[in-house]
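Trainee: coordinates only, sequence not included:
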């Protein structure tokens, strides 16, 4: 299903009185399968028609898990359908619930509008050309009005005249980049401007996923100690491992994550693979590649005997470029990263079934 078809189908079939078991509500919950090809592998995707009663403004959200994993707090990217289902807005927005619980609805909206204006104003003017400052979801009191207040930048699409599929994809890629830039600008504002950005200490989450065969670790940050080193891993890292592990299972590999301190091991056709996952932060491919080389060498030496060395692979959150692909290959390391239509990688990764296509 294309993005255009998805938006049309949701808008034409959604009925909030039908509850969260309706076909449109199920379609919203299926958002990950629709949007995964166009979203960084490390992001979380969630579509919702509300909890219990149907939402007046259903949505599909994308969360950078190092920032937030929920629409209740932090900054995130979201498609918001207007109450009348005539428009859908791709909005860089802010969590509403936590602020409302802290300050009350009216004061929370003031905070949201103030922070949205400050972050928007921190962008160079040429970066935000063509984007909207305001979204109109119907103005209903409650969450719809708070979403309107929280909008930082957006594209607003008329359902009856949606742009082409390629334009929708291009807009989404642009907003993902602006999302990352906005996170940096917000923290700069927090540290340099008094009382503009509200800081609320997040609540502790005692939940923990059990590990059983392929069972990713918690997406929460944690500290891992190995051979005298301390390695801080992020939610992006674990989300990447989770999504790639699902691909490996579909490709016929036996994969495991309960192999501390290794990120992931996989086996197929008699070959054992040691896989190290790396988040490329702010485009710093060089750092991620160097870390992958070092850790793969360390784990292979310390955790495997000399006569049973595994094959090695580095997994990245984005493409690393031909030079680094060749560098890794020179070191005997295959490489893989997500694309819009699956997983791409080095020739040896493709030949081994670890990726679907070559770079």
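Mentor: Looks like it arrived, so ask away. None of the values given here were measured: they were computed from a predicted structure.

Trainee: check contacts around residue 341.
Mentor: Contact partners of residue 341, counting by Cβ atoms under 8 Å, 6 or more residues apart in numbering, are 37, 356. Every C-beta, even on glycine, is put in place using the N, C-alpha and C of the backbone.

Trainee: may I have the phi/psi pair for it?
Mentor: Backbone torsions for residue 341, taken as degrees, to the nearest 10, come to phi -120, psi 30.

Trainee: again, but for residue 344
Mentor: Dihedral angles for residue 344 - degrees, to the nearest 10 - are phi -110, psi 160.

Trainee: residue 355 is in contact with that one, correct?
Mentor: Yes. Contact status for residue 344 versus residue 355: in contact at 5.6 Å, counting by Cβ atoms under 8 Å.

Trainee: quick check: neighbours shared by the two?
Mentor: What both residue 344 and residue 355 touch, as defined by Cβ under 8 Å, 6+ apart, is the set residue 336.

Trainee: measure the closest residue to residue 251 other than its chain neighbours to residue 253 for me?
Mentor: For residue 251, ignoring the flanking residues on the chain, the nearest one in space by Cβ to Cβ, 6 or more residues apart in numbering is residue 353 at 5.3 Å. Separation of residue 353 from residue 253 (Cβ to Cβ, to the nearest Å): 7 Å.

Trainee: could you pull out the residues contacting both of the two?
Mentor: Common neighbours of residue 353 and residue 253 (Cβ under 8 Å, 6+ apart) are residue 268.

Trainee: returning to what we had before: how about the residue nearest to residue 251, what does it touch?
Mentor: 251-253, 268-269.

Trainee: likewise residue 264?
Mentor: Contact partners of residue 264, counting by Cβ under 8 Å, 6+ apart, are 241, 244-245, 248, 255-257, 275-277, 315.

Trainee: mind checking the backbone torsions on the residue nearest to residue 251?
Mentor: Dihedral angles (degrees, to the nearest 10) for residue 353: phi 80, psi 10.

Trainee: distance of the closest residue to residue 13 other than its chain neighbours relative to residue 158?
Mentor: Leaving aside its chain neighbours, residue 13 sits nearest to residue 24 (4.3 Å; criterion: Cβ to Cβ, 6+ apart). Distance, residue 24 to residue 158, by Cβ to Cβ: 19 Å.

Trainee: neighbour count winner among the two?
Mentor: Ranked by neighbour count (other Cβ atoms under 10 Å), residue 24 and residue 158 place residue 24 first, with 22 against 10.

Trainee: distance check, that one against residue 81.
Mentor: As judged by Cβ to Cβ, residue 24 and residue 81 stand 10 Å apart.

Trainee: kindly report the same for residue 58.
Mentor: Taking Cβ to Cβ, one finds residue 58 at 5 Å from residue 81.

Trainee: burial measure for the closest residue in space to residue 32 that isn't next to it in sequence, as a count.
Mentor: Counting by Cβ to Cβ, 6+ apart, residue 32 lies nearest to residue 45, which is 4.3 Å off, once chain neighbours are set aside. Using other Cβ under 10 Å, residue 45 is surrounded by 16 other residues.

Trainee: partner residues bridging residue 45?
Mentor: When bridges are called by DSSP bridges, residue 45 pairs up with residue 62.

Trainee: burial check on residue 273, number of neighbours?
Mentor: By other Cβ under 10 Å, neighbour count at residue 273 equals 20.

Trainee: sorry, wrong one. I was asking about residue 155.
Mentor: Going by other Cβ under 10 Å, the residues that sit close to residue 155 add up to 21.

Trainee: three-state assignment of it?
Mentor: Three-state call for residue 155 (DSSP: H, G, I helix; E, B strand; the rest coil): strand.

Trainee: how close does it get to residue 79?
Mentor: Counting by Cβ to Cβ - residue 155 and residue 79 are separated by 9 Å.

Trainee: what do those two both touch?
Mentor: With Cβ under 8 Å, 6+ apart, residue 155 and residue 79 have common neighbours 89-90.

Trainee: dump the contacts of residue 264 to TSV, plus distance to residue 189.
Mentor: Below are these laid out as TSV (distance: Cβ to Cβ, whole Å):
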residue	distance to residue 189
241	33
244	35
245	37
248	41
255	42
256	43
257	37
275	38
276	35
277	32
315	34
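
Trainee: can you give me the helices in the stretch 201-350 of the chain?
Mentor: 235-250, 285-303, 322-330, 347-351 (DSSP state H, counting those that start in this stretch).

Trainee: closest one to residue 132 among these?
Mentor: helix 235-250 (28.3 Å; Cβ to Cβ).

Trainee: okay, strands next: where are they in the chain?
Mentor: With strands called from DSSP state E, the chain shows them at 44-48, 59-63, 75-81, 87-94, 153-158, 222-226, 229-233, 254-256, 264-268, 271-278, 311-316, 333-339, 342-345, 357-358.
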